[in-house]
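Colleague: Show me how the following folds:
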Amino acid sequence: MQRSLIAFVLAASAVAALTGIVAAKDEAARDVLPPGSVSRAEGLEAWKRIEAVVTHPRCANCHVDAKAIPIWTPAGETKPRPHGMNIHGGESRIGTEAIPCSTCHMTSTHANEPAPSPPRAGIDWQLAPVAFIWFGKSGAEICAQLKDPKRNGGRDAAGLVGHLRHDASLSGFIPRGWAPGAGRSTPPGTFEDHVKDMALWGAAGQPVRTDAFSASRKRDHTHSVIERRKP
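Modeller: Next up, the predicted model:
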């Protein structure tokens, strides 16, 4: 009886996961716009909004280099700094070599609670792959990475939109960037706005801004962390 119940639960979970994946793909297919249906100017405006999201601490703090030191922006603060308590993601990027990220950041689909309770997600808490470095990078550098299948998980423009929808189907990190728990800052706009902008940018051919807007965001990130690390 117990084995049958366990088998039923596992089967139900698998069906639910598969259903979520199919639904996410269908939704992403509806989001994607025909190539060339959006002007370069509109695409650049969409990228401007995307850049403001991906360079926001809520999104960039876990997109760090091979040193695997998470960046932290505690509630009530606006500038990022190295994660407190000497946390290190390790080569695994999930902290298994020392303290697993999930020790505090539980895997749960429940809504995030107000700060200082640690944020959580429906997938295991982890740093983004090393190839996906965003923290300290300019908007132009992040744009180049997002456009490069070798550094974005093998995705084309439509695949990036699909990635957003898939992550949302798992109650993952991306949509929770806008719902981190009361008391924490959030990126501009909404998750749905971000999906629409990604579709617009893709349809316009993924144009990139290389002006002072992008450069200033890189300076803001790196300068604030350097200042925090000074003895």
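Colleague: my read is residue 165 is in a strand, agree?
Modeller: No. Counting by DSSP: H, G, I helix; E, B strand; the rest coil, residue 165 is not found in a strand; it is helix.
Colleague: in stretch 146-155, what counts as buried?
Modeller: 146-147, 152 (16 or more other C-beta atoms under 10 Å). Where C-beta positions appear, they are placed from N, C-alpha and C, glycine not excepted.
Colleague: Also stretch 74-81?
Modeller: Going by 16+ other C-beta under 10 Å, stretch 74-81 has these buried residues: 80-81.
Colleague: And that stretch, end to end?
Modeller: From its first residue to its last, stretch 74-81 covers 9 Å (C-alpha to C-alpha, to the nearest Å).
Colleague: picking up where we left off before, out of the buried residues of stretch 146-155, name the ones that lie in strands.
Modeller: Using DSSP state E, no member of the buried residues of stretch 146-155 sits in strands.
Colleague: and the spatially most central residue of the chain, how far is that from residue 114?
Modeller: Closest to where the C-alpha atoms of the chain average out (C-alpha atoms, centre = their mean) is residue 174, at 4.5 Å. As judged by C-beta to C-beta, to the nearest Å, residue 174 and residue 114 stand 21 Å apart.
Colleague: isn't residue 201 right up against residue 48?
Modeller: No. Here residue 201 does not reach residue 48: they are 9.6 Å apart, not a contact under C-beta atoms under 8 Å.
Colleague: What separation do you get for residue 181 and residue 192?
Modeller: Distance, residue 181 to residue 192, using C-beta to C-beta: 20 Å.
Colleague: likewise residue 183?
Modeller: 23 Å.
Colleague: likewise residue 124?
Modeller: With C-beta to C-beta as the criterion, residue 124 and residue 192 are 25 Å apart.
Colleague: again with residue 198
Modeller: Per C-beta to C-beta, residue 198 is found 11 Å from residue 192.
Colleague: Neighbour count for these two, which is higher?
Modeller: residue 198 (28 against 13; other C-beta atoms under 10 Å).
Colleague: Tell me if I am right that that one is in a strand.
Modeller: No. Read with three-state DSSP, residue 198 is helix and lies in no strand.
Colleague: ranges for the helices of the chain?
Modeller: Using DSSP state H, the helices found in the chain span residues 2-31, 40-54, 57-60, 139-147, 157-169, 173-176, 191-203, 212-229.
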